[in-house]
Every structure is written in C-alpha cells, then in structure tokens.
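Asks: please work out how this folds:
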Amino acid sequence: MGISKNKKVFITGCGGMLGKAVYEKFSPHCKVLATDIDLNEPWLEYGDVIDFQGILEMARKFKPDLIINLAALTDLEYCERNPEITWKTNALGAENMALISKKLNATYIYISTAGIFDGKQEYYSDFEQPNPISVYAKAKYYGETVVERMLENYFIFRAGWMMGGGYEKDKKFINKIFKQILSGKKELFVVNDKLGTPTYTVNFAEAMFAIVQTELFGLYNMVCEGSCSRYDVALEFIKLLGLKKEISIKVVGSDFYKNEYFAPRPDSEKLLNLKLSARGINFMKDWKNCLKDYVECFKPYLENSS
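Replies: Here you go, the predicted model:
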C-alpha cells in the first residue's frame with residue numbers, strides 16, 4: 001500500500017518508546033489514530049488490545065488501511081511474575097488485532113523480538129526455529145504464529161535490543177545506565193556475557209514506513225547493523241556523552257544481577273537481516289551511528305544536572 005494523505009493507519013500501544021517514533025514518522029503522511037491504555041501524549045486515544053469489542057468498534061469507525069500493533073508488556077521480570085496479563089496483552093492482543101485486520105481487510109504490522117530464540121547459537125537469521133525461554137518471549141512468539149496462520153497481508157518485524165524514546169519513555173538499558181549517571185554514580189557494573197543487536201526506534205520506524213509500501217509481505221528480522229555486548233553499548237554511550245574520564249565501567253557476569261533480573265534471557269540475541277538484505281530493503285543503519293544520534297536527547301539533562 002502506498003502511504004498517502006487519504007490512507008488511514010490505526011496504531012495500538014502507541015504510548016511507549018517505539019510508539020513515539022512510529023507516530024512521528026507516519027502522522028505527517030497519512031491519517032493516524034494512535035491508541036494506548038496509558039494516555040501520556042495529547043495525540044493518544046484510549047484503546048486496549050485485550051478488549052476485543054471495544055477496540056473493534058474503534059477500528060470499525062476509523063476504517064483503517066493499515067493496523068500497527070505496538071501493544072506489549074516488555075518488562076521481562078514483570079512478565080514472569082504476571083503471566084496471565086502477559087499472555088492477554090502480548091498473545092491475545094496480537095490475535096485480537098489480527099482478527100480485526102482480517103474483518104476490516106487491513107494490512108497488519110506486528111512487532112516481535114529477538115528474545116524468541118534460546119540463545120544457543122551466536123546468530124539467528126529469519127529462517128531459524130524460535131525456542132522462547134521466558135514468559136514474555138513465549139507470548140510474543142505465539143503472536144507471530146497466529147499472525148502467520150490467520151493473515152496474508154502482514155508484516156512481522158523482529159526488533160533487537162531497543163533504544164529510543166528519550167529520557168521520558170526509554171524503559172530499557174540506555175536509560176537505566178543514564179539514570180545511574182544522573183544519580184551521581186561514578187562506577188557502573190555492566191555485563192559482557194549477553195550479546196545482541198541494538199535497534200533504534202527512529203530507524204526502525206523509518207524502515208517500517210518504507211517497507212510497508214513495497215507490499216513484500218512476510219516476517220523479517222529488522223535490527224541495526226553490527227552486534228555487541230551490553231558492555232560495548234555502555235562504553236560507547238559513555239564515550240558519546242563525553243564522560244569517559246569521569247565514569248568507569250566494571251565488567252560483571254549476569255549472576256551479578258541474578259536477583260534483580262531473574263527472568264531467563266538468551267545469551268545471544270544477535271539477529272541477521274537476511275531477508276531484508278536479500279530483497280534490497282534493508283534500511284537499518286549501524287548501531288553506533290544510531291546511538292550517536294540518540295545520545296543528543298540525553299545531553300540537555302546532563303547539562304541541567306551539572
């Protein structure tokens with residue numbers, strides 16, 4: 001589908017770190033109805049993917065050409081502690097939006113995760129067999145299977161270690177590191193035994209926008225180029241903030257955080273964008289260039305705190 005002013009895009013779970021980037025990319029080019037259960041932006045309307053009748057009614061009125069489902073619980077520890085709401089949001093929510101896409105004859109985009117693999121291999125292409133090991137990943141993988149089973153006009157995009165959203169919305173690694181820095185920590189403890197491929201929300205939204213218009217439907221790994229450890233990311237982030245001399249990073253194993261981060265995580269979540277590259281639609285940039293771009297939104301907070 002070509003995206004134009006008269007096209008309508010219905011987005012669920014748009015209040016989070018990826019939602020901001022997707023809304024900012026799509027809204028200038030088409031009619032967007034952005035929904036979430038947490039109304040943290042003036043452009044959001046209330047919509048819950050678990051409430052099938054409620055969200056169907058909203059979508060029916062709006063008549064979307066494209067449905068983008070970003071609704072997910074992504075805190076792995078929360079998901080382990082609360083399996084029922086996790087299955088309802090991440091699995092049933094994906095199924096509900098797929099059913100609605102089918103009813104309304106809309107193209108569907110579902111966001112999946114590198115976490116669906118067990119991490120026993122170093123790299124995973126789009127064709128490898130998932131084997132999720134956490135409640136979060138199992139529910140997300142169910143979402144993949146149900147979309148593939150029910151629909152023809154769909155995209156499944158698998159993201160890696162997500163970074164984006166800035167100080168207000170980033171719930172992931174970068175902001176956790178940044179908050180430690182703001183609190184005055186001079187020594188950071190970072191694991192180096194977990195490997196992955198970072199994924200910048202802004203770049204991800206740009207790629208999604210371009211790929212949906214090709215109508216080359218299917219499932220795609222979609223991560224930044226280049227892989228790394230958590231330690232590599234922290235080191236690069238500190239360097240880009242200009243704090244290399246002031247802050248030291250101490251390498252620790254995952255056991256160091258076993259009480260705080262008790263949910264099972266794969267040792268490697270490195271994805272390869274095999275299908276995107278083969279089809280000539282790999283618009284993902286190098287993770288270091290993306291981090292360089294992303295770091296700019298943290299600098300004002302640093303200046304205000306000094």
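
Asks: show me where pLDDT drops low in the protein?
Replies: For the chain, residues meeting the criterion pLDDT under 70 lie at 306.

Asks: and the helices in it?
Replies: 17-26, 52-62, 76-81, 83-86, 93-104, 135-150, 166-169, 173-182, 201-212, 230-241, 274-278, 287-294, 299-305 (DSSP state H).

Asks: for those helices, give me TSV that also has distance to residue 193.
Replies: For glycine as for every other residue, the C-beta is placed from the backbone atoms N, C-alpha and C. Shown next, in TSV, are the helices of the chain (distance: least, C-beta to C-beta, whole Å):
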stretch	distance to residue 193
helix 17-26	25
helix 52-62	41
helix 76-81	17
helix 83-86	26
helix 93-104	31
helix 135-150	19
helix 166-169	28
helix 173-182	14
helix 201-212	26
helix 230-241	9
helix 274-278	25
helix 287-294	19
helix 299-305	29
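
Asks: which one, of the ones you listed, ends up nearest to residue 40?
Replies: When those are compared for distance to residue 40 using C-beta to C-beta, the nearest one is helix 166-169, at 7.9 Å.

Asks: counting by contacts, list what the closest one packs against.
Replies: Judged by 3 or more C-beta pairs under 8 Å, 6 or more residues apart in numbering; DSSP states H and E, helix 166-169 is in contact with helix 17-26.

Asks: so which of the helices of the chain is nearest residue 263?
Replies: Of all the helices of the chain, helix 76-81 comes closest under C-beta to C-beta, at 3.7 Å.

Asks: C-alpha coordinates for the closest one, CSV please?
Replies: Provided in CSV are the C-alpha atoms of helix 76-81 (Å, rounded to 0.1, in the frame of the first residue of the first chain):
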residue,chain,number,x,y,z
LEU,A,76,10.7,-9.4,31.4
GLU,A,77,10.6,-9.6,35.2
TYR,A,78,7.0,-8.2,35.3
CYS,A,79,6.0,-10.8,32.7
GLU,A,80,7.5,-13.7,34.7
ARG,A,81,5.6,-12.5,37.8
